[in-house]
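**Q** with the sequence up front, the predicted model follows.
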Amino acid sequence: MKRNETAAAPCHQEIVALDRVSYAYGTQQVLNGVTFTARERDFVGLIGSNGAGKTTLLRMIVGLLKPQQGQIRLFGTPLDRFKDWHLIGYVPQRSHFNPLFPATVREVVLSGLYGRRKLLRRITKGDADRAEDAMKTLHISDLAEKRIGALSGGQQQRVFLARALINNPKLLILDEPMSGVDSETQTNFFHLLRHMHQHHNLTFLMVSHDLEMVLSYLGHEPKETSGKLAFHVRHSHDLEDCAETDLLHTLRKEG
Amino acid sequence: MDLLTAEFFQRALIGGALIAITAPLMGLFLVLRRLAMIGDTLSHVSIAGVALGFLINVYPVAVGLAFAVIASFGIEALRKTYRSFAELSIAIIMSGGIALASILFTLKKGFNLNVTSYLFGSIYTLNQTDLIVVAAITAIVLVVVLLLRKELFLLAFDEDAASVGGLPVRYFNILIGVLTALVISASIKIVGALLVSALLTIPAACSLALSKSFRQAIGLVVIVGEVAVVAGLWMAGVWNLAPGGTIVLLLIAMLLASLAFRRMKV
């Protein structure tokens, strides 16, 4: 993995960098020269009204869309040469999947490993153990054999978070993870994210509608704005050392 | 019983049993990706190829196969143009296939008989070549699905996550299209172009009603397909019914039973 050494401290490397990124659907310019850098252990809230280009930007960052102009770098590597996709955990919009889909919680969590690195490789005992670990960490072990569509919204959120964490990612990308669940579940979920941010070496990029809760943590003053998009950022200094840790294990020790 | 030892019937059973593994399997992946109608489309295009095969005197199944593969690429290309309107590209290619088939069929007089055998299936006329083609296609599909089952699962469940995981989603989509085209061109002589989509979609529908896990779903589609085809062929042989139609009606009966069973459980 290439590291960008321009960061102020060695453990504050550049995680996501947008360099004058533009995108238009036909004649409608959605993103115009967006420039922004998220560094290690930032919690970035991407806030904007409908049509501000949040989803477009997110789809570009994960490589689902190509920017028409400008460059995106992940972990210091330009997107078209980026190969370390296992460093990224992705939590989709909850409404995204078919509730009748025949898959158990265990199968969904394990599928977090089915990326490029595992192509044509077997699932090992170690992989299966990691899935159990991830489920234990998020307190969904007792749901392992349940069909994903039969769970409540809050439980589904935890399943998708477990799937994203199974690779021990450095960057967690969340696409409106709290839409469509009740406010108590939202609060619990956001507390979990906050806790992870404060205690673990993890960078967050979250698209959200739920302004109040998110802004009370990230601050009401955006670090950058671009058109109708606002980037609210909070950096976590709570973590002292930069040692590599296994997220699932440290998370669990804390209960 | 005479029937069971008759060579044509044995060939029908072997061909049917093979296609009853692969068609429901590919159908499951298609249904889960909400592309159930793709089977119908490819089979209609495939029929156009069969017609062309008769016209130019080339093994019809092979020409049908070529047509289906080209159509699957066409669907994928149109699907990219009309993102989130997958069914649009399917409908366009389907009408194109029917149009082409109707023109090709009327170009030459006197092959109406052969045409019906591909529209409704003529499993009793399977020859050695047909069986070899079906067996080869079954082997290809099984090997690919076995090797890529994890990735196919993720792709069906959450295409975006597969992309973010670094999987070459575009190639996988093309692969699924090509495999489906293979399966369809192999099965039109068995169940007929008009009934192919039943063998693709109904086992998947049963499986969705009953399975809790993906592992179960895969097992169940194959079991449903096998039971319907083998029992259907046998019933058709004994009572002298149309085999394709019997298989499809049995599939529908099994779907109703699955739904009833599900309701009882809940």
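**A** Thanks, I have the structure now.

**Q** going by C-alpha atoms from here, please, whenever you check contacts or count neighbours.
**A** Noted.

**Q** is stretch B:17-25 anywhere near chain A?
**A** No - judged by C-alpha under 8 Å from any C-alpha of the partner chain, stretch B:17-25 stays clear of chain A, getting no closer than 13.9 Å.

**Q** how far does that stretch sit from its chain's centre?
**A** From the chain centre to the centre of stretch B:17-25 is a distance of 8 Å (C-alpha atoms, centre = their mean, to the nearest Å).

**Q** repeat that for stretch A:90-99.
**A** 13 Å.

**Q** and stretch A:180-192, by the same measure?
**A** Centroid displacement of stretch A:180-192 relative to its chain, using C-alpha atoms, centre = their mean, is 16 Å.

**Q** name the helix or strand for the residue most central in space within chain A, please.
**A** In chain A, the residue lying closest to the centroid (C-alpha atoms, centre = their mean) is residue A:173, at 1.8 Å. Element membership of residue A:173, judged by DSSP states H and E, is strand A:171-175.

**Q** hey, C-alpha coordinates of that strand in PDB?
**A** Provided in PDB are the C-alpha atoms of strand A:171-175 (Å, rounded to 0.1, in the frame of the first residue of the first chain):
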ATOM      1  CA  LEU A 171     -12.300   3.600   6.000                       C
ATOM      2  CA  LEU A 172     -16.000   3.100   6.600                       C
ATOM      3  CA  ILE A 173     -18.400   4.500   4.000                       C
ATOM      4  CA  LEU A 174     -22.000   4.800   5.100                       C
ATOM      5  CA  ASP A 175     -24.800   5.800   2.700                       C
END
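
**Q** outside of it itself, list whatever touches it.
**A** By C-alpha atoms under 8 Å, 6 or more residues apart in numbering or on different chains, the residues outside strand A:171-175 that reach it are A:15, A:55, A:58, A:87-93, A:164, A:202-208.

**Q** list, out of those residues, those positioned next to chain B.
**A** Filtering the contacts of strand A:171-175 for neighbours of chain B using C-alpha under 8 Å from any C-alpha leaves A:88, A:90, A:92.

**Q** one step back: give me the mean pLDDT for the strand holding residue A:173.
**A** For strand A:171-175, mean pLDDT is 93.

**Q** still on that earlier bit, quick one: which of the ones next to chain B among the contacts of strand A:171-175 has the most company?
**A** When neighbours are taken as other C-alpha atoms under 10 Å in any protein chain shown, the top entry among these is residue A:90 (26 neighbours).

**Q** ok, it touching residue B:162?
**A** No - the criterion here is C-alpha atoms under 8 Å, and residue A:90 misses it with residue B:162 at 9.9 Å.

**Q** re earlier: could you point out which element follows the strand holding residue A:173?
**A** Note on strand A:171-175: by DSSP H and E, the next helix or strand toward the C-terminus is helix A:183-199.

**Q** other SSEs contacting that next one?
**A** Contact here means 3 or more C-alpha pairs under 8 Å, 6 or more residues apart in numbering or on different chains; DSSP states H and E; on that basis helix A:183-199 packs against helix A:153-165.

**Q** who's in contact with the helix it packs on?
**A** Contacts with helix A:153-165, where a contact means C-alpha under 8 Å, 6+ apart, come from A:88-92, A:94, A:105, A:108-112, A:134-135, A:137-138, A:140, A:148, A:172, A:177-178, A:180-181, A:185-186, A:189, A:247-248.

**Q** please apply the same query to stretch A:187-206.
**A** Contacts for stretch A:187-206 (C-alpha under 8 Å, 6+ apart): A:15, A:39-46, A:154, A:157, A:169-176, A:178, A:213-214, A:236-239, A:242, A:245, A:247, A:251.

**Q** recalculate using a threshold of 6 Å.
**A** For stretch A:187-206, contacts defined as C-alpha atoms under 6 Å, 6 or more residues apart in numbering or on different chains pick out A:40-46, A:170-174, A:236, A:238.

**Q** what lines up beside the strand holding residue A:173 in the sheet?
**A** Paired neighbours of strand A:171-175 in the sheet (DSSP bridges): strand A:88-91 (parallel), strand A:203-208 (parallel).

**Q** now these in JSON lines, with distance to residue B:25?
**A** Output for those, formatted as JSON lines (distance: least, C-alpha to C-alpha, whole Å):
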{"stretch": "strand A:88-91", "distance to residue B:25": "28"}
{"stretch": "strand A:203-208", "distance to residue B:25": "37"}
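
**Q** can you redo these as CSV with mean pLDDT?
**A** Converted to CSV, the strands paired with strand A:171-175 look like this (pLDDT from 0 to 100):
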stretch, mean pLDDT
strand A:88-91, 92
strand A:203-208, 92
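
**Q** mind checking which of the ones you listed is nearest residue B:16?
**A** In terms of C-alpha to C-alpha, the element of the strands paired with strand A:171-175 nearest to residue B:16 is strand A:88-91, at 42.6 Å.

**Q** so the closest residue in space to residue A:51 that isn't next to it in sequence versus residue B:177, what's the distance?
**A** Of all residues not flanking residue A:51 in the chain, residue A:30 sits nearest, at 7.4 Å (C-alpha to C-alpha, 6 or more residues apart in numbering or on different chains). Separation of residue A:30 from residue B:177 (C-alpha to C-alpha, to the nearest Å) stands at 33 Å.

**Q** that older thread, hey, what's the residue nearest to the centre of chain A bridged with?
**A** Beta-bridge partners of residue A:173, as defined by DSSP bridges: residue A:90, residue A:205.

**Q** where does the stretch 51-200 of chain B dip in pLDDT?
**A** Residues of the stretch 51-200 of chain B that meet the criterion pLDDT under 70 lie in B:83-86, B:109-115.

**Q** and the residue of it closest to chain A?
**A** Nearest to chain A, among the residues of the stretch 51-200 of chain B, is residue B:165, at 4.3 Å (C-alpha to the nearest C-alpha).

**Q** count the residues that sit near that residue.
**A** 28.

**Q** spatially nearest residue to the closest residue to chain B within the stretch 151-255 of chain A (excluding sequence neighbours)?
**A** Closest approach between the stretch 151-255 of chain A and chain B, counting by C-alpha to the nearest C-alpha: residue A:164, at 9.4 Å. In this structure, residue A:164 finds its nearest non-sequential neighbour in residue A:89, 4.2 Å apart by C-alpha to C-alpha, 6+ apart.

**Q** ok, that neighbour - contacts?
**A** A:164, A:169, A:172 are the contacts of residue A:89 under C-alpha under 6 Å, 6+ apart.

**Q** my guess is the second one contacts residue A:88. True?
**A** This means residue A:169. Yes - with contact defined as C-alpha atoms under 6 Å, residue A:169 reaches residue A:88; the gap is 5.1 Å.

**Q** most neighbours among the contacts of residue A:89, please name it.
**A** residue A:164 (29 neighbours).

**Q** what's the pLDDT at that one?
**A** pLDDT, residue A:164: 94.

**Q** quick one: it from residue A:91, how far?
**A** Per C-alpha to C-alpha, residue A:164 is found 6 Å from residue A:91.

**Q** now the common contact residues for these two.
**A** In contact with both residue A:164 and residue A:91: no residue, using C-alpha under 6 Å, 6+ apart.

**Q** now the helices for the chain?
**A** If you meant another chain, say so; for now it's chain A. Here chain A has its helices, by DSSP state H, at A:54-61, A:105-110, A:125-137, A:153-165, A:183-199, A:211-218, A:247-253.

**Q** try chain B instead
**A** All helices of chain B, identified by DSSP H, fall at B:2-5, B:7-32, B:38-56, B:60-81, B:86-107, B:112-120, B:128-147, B:149-157, B:159-164, B:169-191, B:196-210, B:214-239, B:243-265.
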